[in-house]
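Chemist: Here's a sequence, model it:
(2 chains)
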Amino acid sequence: KAGVTQTPRYLIKTRGQQVTLSCSPISGHRSVSWYQQTPGQGLQFLFEYFSETQRNKGNFPGRFSGRQFSNSRSEMNVSTLELGDSALYLCASSLIGGTGTDTQYFGPGTRLTVL
Amino acid sequence: AQKVTQAQTEISVVEKEDVTLDCVYETRDTTYYLFWYKQPPSGELVFLIRRNSFDEQNEISGRYSWNFQKSTSSFNFTITASQVVDSAVYFCALTGNYGGATNKLIFGTGTLLAVQP
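Modeler: Residues are numbered from 1 along each chain as shown, chains lettered A, B, ... in the order given. Presented below is the predicted three-dimensional model:
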């Protein structure tokens, strides 16, 4: 079974631009979560989607948004990029999520650099 | 508040040594789940183990073993006879049902393990 895939793997943007990252979960998995990893803040939860609905959101500004499609694929968008948004963005999928019981499997991540 | 503490920032060992990575957690939940993930230089987080709060049985998988002790809120990870391929950052994580159903993982700060040949 194919794992979680994320595209693109690397991105370079400039301040003020916006960016869209994509995540395809493991086949059959319906929950997709996004995490941001930075040297200073570590791994932080961004949001979780299930059945095309955002089920939970972390403590990030409204510039960070996401969505999920009917095939469970998910995208996250960051508008008006700031230097501090430079990070590794990791997507994780699980069967149903939501209860804390599922195991989340992670993709390879998208490394975003904001200049 | 939910929190995971990995006090060891970096550990360096020589190949074939045993090494234990410490993890201490805090949670108000009576039902919760603990995880260990490995992050090699490529960046992907690789799932190693999940343990629920009702199961304190220790687990062994090859050279890996985990010791879960609710009395001390610890979930430690031991690698026996370490190998160079074990070099990575290891994260301990916690999830539960706090504030309603959520899949949110709370991660520790990670322990960088360097295994020297």
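
Chemist: pLDDT value on the closest residue to residue A:107 other than its chain neighbours, please?
Modeler: Among residues not flanking residue A:107 along the chain, residue A:4 sits closest, at 3.5 Å (Cβ to Cβ, 6 or more residues apart in numbering or on different chains). In this view, the C-beta of every residue, glycine as well, is placed from N, C-alpha and C. Residue A:4 carries a pLDDT score of 97 in this model.

Chemist: And the next helix or strand past the lowest-mean-pLDDT helix or strand in chain A?
Modeler: Using mean pLDDT, DSSP states H and E, strand A:53-57 stands out as the lowest-scoring helix or strand of chain A, at a mean of 90. Going down the chain from strand A:53-57, the next helix or strand is strand A:64-68, by DSSP states H and E.

Chemist: on that earlier part again, please verify my assumption that the residue nearest to residue A:107 contacts residue A:110.
Modeler: No: taking Cβ atoms under 8 Å as the definition, residue A:4 is not a contact partner of residue A:110, at 11.7 Å.

Chemist: Stretch A:44-52 close to chain B?
Modeler: Yes: applying Cβ under 8 Å from any Cβ of the partner chain, one finds stretch A:44-52 touching chain B at A:45, A:48.

Chemist: That stretch: how far from the chain's middle?
Modeler: The chain centre lies 8 Å from the centre of stretch A:44-52; the measure is Cα atoms, centre = their mean, to the nearest Å.

Chemist: buried residues in that stretch?
Modeler: Buried residues in stretch A:44-52, counting neighbours by 16 or more other Cβ atoms under 10 Å in any protein chain shown, are found at A:44-50.

Chemist: Low-confidence stretches in the chain?
Modeler: I went with chain A, as the question did not name one. Applying pLDDT under 70 to chain A flags residues A:98-100.

Chemist: Chain B, not that one
Modeler: Scanning chain B for pLDDT under 70 picks out B:97-102.
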